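> dropping a prediction and its sequence here:
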Amino acid sequence: MPFSKFPGQHNCSSRNLVPRGIWKRRNPVDRPTAEAMGVALSRAAHWTTASSGAGKLEVTPVNESLLREILRFVEQFSSRYPPEASLLFKESLQWETSLQASDFTNEYDISGSTVKSRETGNDGLPLLQLSSSSISVNSFSQLSKIVQLAKNKKLKEVRACLEANRDPIVKILGPSFATVEGEDMSVLRLLEKVTEDKETEVKMKLLLLLQQLDTQLLSNSLKQISREVRLSPATVKNDVELLKRFCGEGEKGVLKSVEYTSDYEFSNGCRAPPWRQVHGEICYLIIEPCDTDPLYITCSTAGVFLNGGIKQEGEDKAYERKSDVYKDLVTLLKKNSPHFAENINKQDFADHEEPPSTQKMEHVESVDAEEPGQAQRSYELQEKNALEKAGQQPSQNKPGSRKKPEPSLKWKNLGLASPYEDADYKKSKKRGVSRKSVEMPSVALRTESKKKADLSSLPGRQSSQKSKMAGGGPGADDFSESSSESEEDEEQPERRPENNTDLPSEYWQIQKLVKYLKGGNQPATLIALCSMRDFNLAQEACQLAIRDVGGLEVLINLLDTEEVKCKIGSLKILKEISRNSQIRRAIADFGGLQTMVKILDSSDKELKCLAAETIANVAKFRRGRRTVRQYGGIKRLVELLDCVPDSAALTEEQERDVEVARCGALALWSCSKSTRNKEAIRKAGGIPLLARLLKSPHENMLIPVVGTLQECASEGSYRIAIQTEGMIEDLVKNLSCDNQELQMHCASAIFKCAEDKTTRDLVRQFGGLKPLVILLKETENKQLLAATTGAIWKCSISMENVVKFQEYKALETMVALLTHQPEEVLVNVVGALGECAQRSDNRAVIRKRGGIQPLVELLTGTNQALLVNVTKAVGACATEPENMAIIDQLDGVRLLWSLLKNPNPDVQASAAWAICPCIENAKDAGEMVRSFVGGLELIVNLLRSTNREVLASVCAAIAKIAKDEENLAVITDHGVVPMLSNLTNTTDDMLRRHLAEAIARCCMWGNNKVSFGDAGAVAPLVGYLRSRDTAVHQATAQALFQLSKDPNNCITMHEHGVVKLLLAMMGSTDEDLQEAAAGCVANIRRLALANEKARYG
């Protein structure tokens, strides 16, 4: 059957599959194939290993996706394919079911715990039989009915069926259709028989349907895996190429050889066969160190590790992991080869010739140093940190000179640099010089006949060089840029016609007009400018025509003339064509921004408006924004804001002032995406002017003003200013306007500012909560919906606001938004529900409105921010027993547990916190936890984390788990005691509290009390009693009480002064603390009395 899509590769049909013989060079005719669900279940699904050989499906996102797809297929099968659904299986599918006789309808004969279907086969036997908990099914029609009867337990039934029938196609169609390696002849055999009887024809259609399902399953699993990629084929290839250059005999060789097991490389860069690519594997290597046996290595997206000895793709056993997973090849080799570890750092990179690919990179530019990145808040978009690309004169290399690249980040610990690094991140020749970016040759920004501009002096190309500007020289801060700043409108590849005949007639007409601009006098120039404006300058062909014939330089040069009309005509054209990303970069290259900044000082208001609007377009990429700041543009733009806008009736002169202010706000909006520009706007006095403009009755003024404010609200200083300048009231008032764009920016500003409690209170006081709830109805405008739900989320952090949201029925509306919405909306909706669910009555509303199921379904997603919020929401809902019953039915606890494997510590911590109320409120929590394969070992191993939030949440979960004696015994065997003991030296009160609770619970098994004492956990716990947190006191007193049941622990406590601290706590108003403190002191006293009695009789 055709293979599905591989990560990074387009769909492979039978026409573009690689030839047979790629996988096994020793046996060219072998090619792996599989029938029906063969590939998906045997290759893509993740199975646990068991000593009995009966593996289980692991709880992973890939498996969840596969199960849901199979469930959807089975549910619809009966209605879509009736003839195939009635086909009898060769052998019945049997498994242990959770269904009971009472779950079946009157279509079945029910006798006690036995159920039989009235529908029978040719032999008279029923197609479905249930006896006790064992069920057998003989057709797809009955399978469809079972999943309908299972209701909330559908996925559980599908999982149980597949685990009991690892190769279901054998039982459905017969042994001749088993999943095999080698040539697939089953379809050919069916084709030969298709004319013999009707049943064979139906069987063939069923086989094709199952094959189609398998293709879909494999495709879905690959999409799921591709989202979790950490290493890429390009990264691995770079590492291998670099290591090959250090292979050889003698003292200088750190390795003998590095070889791939397969010479064939797919278009996605992988060398592993497709059925291993679904496991994230990229390629296999045989590396021969100088001092050990050859190492057989698997490179995967999750890291690199030793395998069972893959020389050429062979049996599955060879693919098994035989070592820990390392982040890269160098780390693995250092661990396994002492010779490599000792000698790799001694290698001199200059001894090796630079590959041709790096020698061809000629166009180099310097990029200013970047400021340290700032911590991102939850509402901030992840911004790209791409380096600028622009044409530059080729650098001249001296004859015989050799480039010596600096180490990349990846190889800095070796003193080496990858020869195939991305060109955008190449280093300069000189050590210590700022980062360079390399641009490959592209279509020139000007024709060869024109004089090339001196790009070396343009802004954005100076790294350490000081430059002067009018009004004084900028400081060092003006010539560096924020690393968190986005690089909008990335340069798109040119889409040029293949030949000149494809160009529209306007292209040639505009080129003629540009020639008049170049050589004409003033009247001719004005006529040419007016004629040029008659064309549709929004059309890309017209924009590129101006650029290609050198019109941009002429238009920019006209800005330096004394003729105001020529300047206005030029700026009107530049304003239109600068909407094109290539054009605006070219304008920046030719120094157009510097000239436009100077025009902002002009007395002509129309000129200032046009200059500001053009700056607003050009400053949509990072170098453009930086140039505006460097040449004093921010201060000039802020000065444009000074007008009197708060009157509805304006004179003609005031209207011009308002238009100037509007254009200035537009330019500041574009510039405000830079962290340094935000600070420059604040220093220039922009905040009070923006606050004044916010009171304007004109919507076209308000949109850029609020847009600027919501961009700047990511900075704490702006959020404080927005509060103190009284802007919250104006933002709230504009939520009720008719302009959805303005509403979106106001909601977004509230979203960012509502991180602070004062802002949340102000929004409520000014009546902003009800307009936000009303805006939830605008479900068609996703940007507005995302901003609105974000504002509601942050406002709901305050319980006073939650009460208002209850009054306005916001929860009912938000529950309805849990499905069929983009992720940016879901993150905010789930975050808001998580905050609202802190109240019991809201948890009931979520349950009654059917919100539990969609929340649990979102646990299978991959968006990290969404997973953090949804785990919090599910955990909050689980504090109600009725909600917990639904979560358990939907397998929600298993999904939460699977998120403990997520590499993101925030997701791990949030999942662990959510597990706590689930264990506390589940009916049979101990058995439920034990049913998760490897679950207890997984949560104990998380105690090795370095993240305090993860450690605190895991300790809290362990305290709940340890309430069950059997589970406590299991986690003790997994080494929970020494791991908890290692954490006792912490100074974090939250971790101290939950750690003490976990220790108290774990003391109740076997000799754990003694083991904690031997591990040195007692003395640090005594120090916890000096904390100011009373919750820490209570948990610590409980732990010390349990530990004091061992005499040696009592001695340790007494030596560290515990008695005096506990005596003070015995007078506490907290009864639990009183009792624990008194019990600990009593145990110490009993030991002292026994000692005295033994000594003195």
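Arrived safely, thanks for sending.
> could you pull up phi and psi at residue 259?
Torsion angles at residue 259 (phi, psi; degrees, to the nearest 10) stand at phi -130, psi 150.
> and residue 1033, how many neighbours?
26 (other C-beta atoms under 10 Å). In this view, the C-beta of every residue, glycine as well, is placed from N, C-alpha and C.
> now the one 5 residues further on
Counted with other C-beta under 10 Å, the burial measure for residue 1038 works out to 23 neighbours.
> go on, residue 556?
When neighbours are counted by other C-beta under 10 Å, residue 556 registers 21.
> what do you get for residue 869?
Summarising burial for residue 869: neighbours were counted as other C-beta under 10 Å, giving 26.
> surely it meets residue 830?
Yes - with contacts counted by C-beta atoms under 8 Å, residue 869 reaches residue 830, the gap being 4.3 Å.
> how about the strands in the protein?
Here the chain has its strands, by DSSP state E, at 93-96, 108-111, 114-117, 128-131, 134-137, 255-260, 281-289, 295-300, 303-306, 364-366, 370-371, 436-438, 481-482.
> quick one: buried residues of stretch 133-143?
135, 136, 137, 138, 139, 140, 141, 142, 143 (16 or more other C-beta atoms under 10 Å).
> I'd guessed the third one sits against residue 146; true?
The reference is to residue 137. Yes - at 6.7 Å, residue 137 counts as touching residue 146 under the criterion of C-beta under 8 Å.
> overlap in contacts of the two?
residue 128 (C-beta atoms under 8 Å, 6 or more residues apart in numbering).
> low pLDDT regions in the stretch 451-600 of the chain?
Applying pLDDT under 70 to the stretch 451-600 of the chain picks out residues 451-502, 519-520.
> try 90 this time
Applying pLDDT under 90 to the stretch 451-600 of the chain flags the ranges 451-554, 557-567, 570, 580-582, 584, 590.
> measure stretch 969-978 end to end?
End-to-end distance for stretch 969-978, by C-alpha to C-alpha, to the nearest Å: 14 Å.
> buried set for it?
When burial is assessed from 16+ other C-beta under 10 Å, stretch 969-978 yields the following buried residues: 970, 971, 972, 976, 977.
> in helices only, show me those.
970, 971, 972, 976, 977 (DSSP state H).
> let me have the residues you listed in JSON lines, adding pLDDT as columns.
Formatted as JSON lines, those follow (pLDDT from 0 to 100):
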{"residue": "970", "pLDDT": "92"}
{"residue": "971", "pLDDT": "92"}
{"residue": "972", "pLDDT": "92"}
{"residue": "976", "pLDDT": "92"}
{"residue": "977", "pLDDT": "93"}
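> distance to residue 583 added to the residues you listed, as CSV?
Converted to CSV, these look like this (distance: C-beta to C-beta, whole Å):
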residue, distance to residue 583
970, 66
971, 64
972, 69
976, 64
977, 68
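> between the buried residues of stretch 133-143, which is nearest residue 554?
residue 140 (73.3 Å; C-beta to C-beta).
> now the closest one: how far from residue 84?
7 Å (C-beta to C-beta, to the nearest Å).
> what's the overlap in contacts for those two?
Contacts common to residue 140 and residue 84, judged by C-beta under 8 Å, 6+ apart, are 77, 206.
> sorry, back to before: closest one of the buried residues of stretch 133-143 to residue 680?
Minimum distance to residue 680 across these is 66.7 Å, recorded for residue 143 (C-beta to C-beta).
> and that closest one, how far is that from residue 528?
From residue 143 across to residue 528, the span is 76 Å (C-beta to C-beta).
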